[in-house]
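Student: kindly return the folded structure for what I paste below:
(2 chains)
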Amino acid sequence: MDLAINQDQQALCDAAQDWLGDNMPLIGLRNRDPALFDQLVAMGWIGMTSPEVGFDHASEALVFIAMGAALAPLAALSSAVAARWFGAQGKVALAIPDHDRVQVFDSPGTALALGLWQGNAATIVLPETLDVRDCLDLSTNLAALESTPARTTASDPRAGLHLALLAAAYVLGCAEAARDMAADYARLREQFGRQIGAFQAIKHMAADMAVRAAVARSQLYYAACALDEGGADMAFHVAAAKRLADTAALANARANIQIHGGIGMTDEASPHLLLKRAHLLGFLAPVETRDLLPPIAKGLP
Amino acid sequence: MDIGFSAPERQFRAECREWLHAHVPTERRPLHAADALDFDKEWQRRLFDAGWAGINWPVAYGGRGLSLIDQVIWLEEYAHAQAPWIGANFVGVNHGGPTLIANASEAQKAWHLPRILKAEAIWCQGLSEPGAGSDLAGIRTRGRVDGDEIVVNGSKIWTSFAHVADWQELVLRTEEGSEKHRGLSWVICDMTAPGITITPIRKISGQVEFAQVFYDDVRIPLANVVGGLGNGWKVAMSTLGFERGTGFISDQVKQAAEVDDLIARAQAKGMIRDDRVADALATMRAEVAALRAMTYRNISDVIRNGQPGPEASVIRLFTSELGQRIERMAVTLMGAQMLEFGYGTDNAVADYLRGFAATIAGGTAQIQRDIIGERMLGLPRMR
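Tutor: Numbers count the residues shown, from 1 in each chain, chains lettered A, B, ... in the order given. Here you go, the predicted structure:
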């Protein structure tokens, strides 16, 4: 039993954070060079758990937490799963089914999208012409398909869990970014003659952000190991990790806007970017109540 | 990272499970501290005789000298077996003993530690005072050095098991005029010494477990000072890390079992068809899983780096608040039946009522949030 980050993993996290800080700052989110995605691929961060690369799920999740905190492209999620389970190379767009419709994110530059249908990972071939437009999450763009194209479904149920785990890592990164942004601002901003972070009303909001993130990060580590082991409870642990990370990201993103006050209401400042990303990721591998209850309690109305 | 246990660890787990299965008492632990004393002592003595007391204490003082992981395994199996709370032995085994191991002289350790493990000596804490609760550094109980003795005057409160204890870990002000954390000393106080008066206090659950203690010219030998005169704050703080590490494992395993039990009950009563109930239970199930993961993470950090990571302070806060949510849910599922509770009843309502202490005792949830904000997030101090 060991749920601590080892030296190799720490080095991986540090390298990812450094590169992302230099190349994907939030400030340039809306004007990112599409070629940046190719650099993610070139650095080997897409498809780390593929058999030929051979990282464990925890190491991959650590990199995805860092990418999630930088609001890195959504296509990294779908591309990583497509690389491992479908042998795809390069960029694959992210598909989120909405009843019969499909919302496709980050579609420019690829003809393939990957998403989850009833918990199973599947790819679809995109139509040649797409109506690509802006959407809630300002880091990406959206093309809506009015009907679902033919799907190629992964034969292994772990493919779906893999996407859910990476989504949990991304959304946890978002939760942690909100926590850190709020703490930074609370140390900087002064009112009533002192830093607002000294006031317990603010400090305790920030502490709750830290608690939610710590809880979600711990369960994410456990879920990553459970997926390595492939035991009967892996689906529960991944679902628990996703649920806790979703809750943390939305609550932290909201608290971050509140702590920023008027500045938090502006398009220019970054807090809203995290809120919008958190909402989007909530629709990817959404966790239902029954996913978290024991098997005997399933079959509920 | 991995979540598996080694072959020797699995073997150790099997041994724990087998012994507990055969020896966990079938009768219930009595409700009030005074009535439970004999039960608590007998159970602790059986644990000691079978080699299960002080799993990670040094062999020289009666412990087993095993690893932190073995300690975790024992505590997990202990809770799985629904073994009784160690009750009156709690302070000695989980707090006083570890503090002595870290700070006491050889003579103090040799005398006290084996007696704690064998339940020959019951300990109580002596930190909070009527005027020093969350602001613990406001301690005013005085100790005046007089020859080779300290003469103590003042009062301590919320002292669990004071009225059945033999010894107390007493933190008092031994430097006249000193302020805050300075000038305090950690002293072993004989609870039978002349000048001590103990007034038990009834809790909102009806239970009589804690007390107020008054000291009127109580004389304590200077040899009972632990860690040197004036170092009391450092000594008292030295075991807080333990409390935040393995101290809550049994609670967490119990919480996991309770949540699954609540789910079964909600199903039997048809209440799980209420989406709010179902989702609250589902969330709790995710949270108890995360809490175990967080504890494993903390222990892994201790093993790897020799000290807990910054997340350690989160464990205590999260455990206490999750426990209260679980207790509230149990009462919700009871419905109007909860109104039939009376003092002396030991059921889910009693758990719910005594559970309010979880976010008060040992540092309120508000103080925990201050600590998290200041130490994890680097926010400025107000005080």
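Student: how many neighbours does residue 277 have?
Tutor: Assuming you mean chain A. 27 (other CB atoms under 10 Å in any protein chain shown). (Each C-beta comes from the backbone N, C-alpha and C, glycine too.)
Student: can you look at chain B instead?
Tutor: By other CB under 10 Å, neighbour count at B:Val277 equals 20.
Student: show me what the helix or strand containing it is packed up against.
Tutor: Counting by DSSP states H and E, the element that carries B:Val277 is helix B:275-305. Contact here means 3 or more CB pairs under 8 Å, 6 or more residues apart in numbering or on different chains; DSSP states H and E; on that basis helix B:275-305 packs against helix A:200-229, helix A:234-260, helix A:289-292, helix B:68-80, helix B:249-268, helix B:312-334.
Student: for those helices, give me JSON lines that also has mean pLDDT, distance to B:Trp43 and mean neighbour count.
Tutor: Below are the helices and strands packed on helix B:275-305 laid out as JSON lines (pLDDT from 0 to 100; distance: least, CB to CB, whole Å; neighbours: other CB atoms under 10 Å in any protein chain shown):
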{"stretch": "helix A:200-229", "mean pLDDT": "98", "distance to B:Trp43": "33", "mean neighbour count": "25"}
{"stretch": "helix A:234-260", "mean pLDDT": "98", "distance to B:Trp43": "35", "mean neighbour count": "25"}
{"stretch": "helix A:289-292", "mean pLDDT": "96", "distance to B:Trp43": "36", "mean neighbour count": "19"}
{"stretch": "helix B:68-80", "mean pLDDT": "92", "distance to B:Trp43": "11", "mean neighbour count": "20"}
{"stretch": "helix B:249-268", "mean pLDDT": "91", "distance to B:Trp43": "14", "mean neighbour count": "19"}
{"stretch": "helix B:312-334", "mean pLDDT": "94", "distance to B:Trp43": "23", "mean neighbour count": "21"}
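Student: how about the residues of the stretch 201-301 of chain A near chain B?
Tutor: Residues of the stretch 201-301 of chain A lying near chain B by CB under 8 Å from any CB of the partner chain: A:202-204, A:206-208, A:210-211, A:214-219, A:221-222, A:224-226, A:228-229, A:236-237, A:239-241, A:243-244, A:247, A:289-294, A:296-297, A:300-301.
Student: what about A:Leu116, which SS state?
Tutor: When the structure is reduced to helix, strand and coil (DSSP: H, G, I helix; E, B strand; the rest coil), A:Leu116 reads as strand.
Student: measure it to chain B for me?
Tutor: Here A:Leu116 is placed at a distance of 19 Å from chain B (CB to the nearest CB, to the nearest Å).
Student: so where do the strands sit in chain B?
Tutor: For chain B, the strands defined by DSSP state E cover B:123-126, B:142-146, B:149-160, B:167-173, B:184-190, B:196-202, B:208-221, B:225-226.
Student: quick one on the thing from earlier: tabulate the helices and strands packed on helix B:275-305 (TSV), appending distance to A:Ala16.
Tutor: Formatted as TSV, these follow (distance: least, CB to CB, whole Å):
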stretch	distance to A:Ala16
helix A:200-229	15
helix A:234-260	18
helix A:289-292	29
helix B:68-80	30
helix B:249-268	32
helix B:312-334	24
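Student: of all those helices, which lies closest to A:Lys276?
Tutor: helix A:234-260 (8.3 Å; CB to CB).
Student: which secondary structure elements does the closest one contact?
Tutor: helix A:158-188, helix A:200-229, helix A:271-282, helix A:289-292, helix B:275-305.
Student: figure out which of those is closest to B:Arg369.
Tutor: Among the helices and strands packed on helix A:234-260, helix A:200-229 comes nearest to B:Arg369, with 3.9 Å by CB to CB.
Student: pLDDT at B:Tyr304, what is it?
Tutor: Let me fix one detail, which is that residue B:304 is Arg and not Tyr. Reading off the confidence values, B:Arg304 has pLDDT 85.
Student: neighbours of B:Ser205, how many?
Tutor: 21.
Student: next, give phi and psi for it.
Tutor: phi -90, psi 0 (degrees, to the nearest 10).
Student: which non-adjacent residue is nearest residue 29?
Tutor: You didn't pick a chain, so chain A it is. In space, not counting the residues next to it along the chain, A:Leu29 is nearest to A:Ser139; the distance is 5.2 Å by CB to CB, 6 or more residues apart in numbering or on different chains.
Student: please refer instead to chain B.
Tutor: Counting by CB to CB, 6+ apart, the residue nearest B:Arg29 is B:Pro84, at 4.5 Å.
Student: count of neighbours near the one you found?
Tutor: Look at B:Pro84: counted by other CB under 10 Å, it has 16 neighbours.
Student: any idea how far it lies from B:Ala22?
Tutor: Shown here: B:Pro84 relative to B:Ala22, a distance of 15 Å by CB to CB, to the nearest Å.
Student: so what's residue 209 up against?
Tutor: Using chain A here. A:Ala175, A:Ala178, A:Arg179, A:Ala182, A:Ala183, A:Ala248, A:Ala251, A:Asn252, A:Ala255, A:Asn256 (CB atoms under 8 Å, 6 or more residues apart in numbering or on different chains).
Student: not quite, go with chain B.
Tutor: Counted by CB under 8 Å, 6+ apart, B:Glu209 has contacts B:His32, B:Ala33, B:Ser160, B:Phe161, B:Lys203.
Student: let's see 10 Å
Tutor: By CB atoms under 10 Å, 6 or more residues apart in numbering or on different chains, B:Glu209 lies in contact with B:31-34, B:36, B:87-88, B:158-164, B:200-203, B:354, B:357.
Student: what's the answer for B:Glu327, then?
Tutor: B:Gln255, B:Glu258, B:Ala348, B:Val349, B:Ala350, B:Asp351, B:Tyr352, B:Leu353, B:Arg354, B:Gly355, B:Phe356, B:Ala358.
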